[in-house]
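A.B. asks: please find the sequence and the predicted model below.
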Amino acid sequence: MMFNWLSLVTGIFYIVLGIVVMVYKFFFTILEPTIAYPLGGLLIIYGIFRIIRAVTRIKKSKDEE
């Protein structure tokens, strides 16, 4: 159960990181806009995926109880 909540928090972290990469164009080094936007978008999509997966697992575990 704790893993599901941790996965939810991690998804939020990935979304924030994607936004930061897109706004500041920085990810361990200065990025060109042609790299920063796709990388930021990919991080946001992965964060959304993690959140959806965590929410479905939390709902599934509550239904089993």
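C.D. replies: Sure, I can see it.

A.B. asks: centroid residue for this protein?
C.D. replies: Central residue check for the chain by Cα atoms, centre = their mean: the C-alpha nearest the mean position is that of Gly47, 1.8 Å away.

A.B. asks: ok, it - contacts?
C.D. replies: 10-18 (Cβ atoms under 8 Å, 6 or more residues apart in numbering). Where C-beta positions appear, they are placed from N, C-alpha and C, glycine not excepted.

A.B. asks: now the buried members of those.
C.D. replies: Taking 16 or more other Cβ atoms under 10 Å as the criterion, what is buried in these is 11, 14-15, 17-18.

A.B. asks: can I get the residues you listed in CSV including distance to Leu31, pLDDT and secondary structure?
C.D. replies: Putting those into CSV (distance: Cβ to Cβ, whole Å; pLDDT from 0 to 100; DSSP: H, G, I helix; E, B strand; the rest coil) gives the following:
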residue, distance to Leu31, pLDDT, secondary structure
Gly11, 22, 96, helix
Tyr14, 17, 97, helix
Ile15, 18, 97, helix
Leu17, 13, 95, helix
Gly18, 12, 95, helix
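
A.B. asks: state the number of residues packed around Gly40.
C.D. replies: As a burial measure, Gly40 scores 22 neighbours (other Cβ atoms under 10 Å).

A.B. asks: I meant to write Lys60 there.
C.D. replies: Lys60: 10 surrounding residues under other Cβ under 10 Å.

A.B. asks: so it sits in a helix?
C.D. replies: Yes. With DSSP: H, G, I helix; E, B strand; the rest coil as the criterion, Lys60 is part of a helix.
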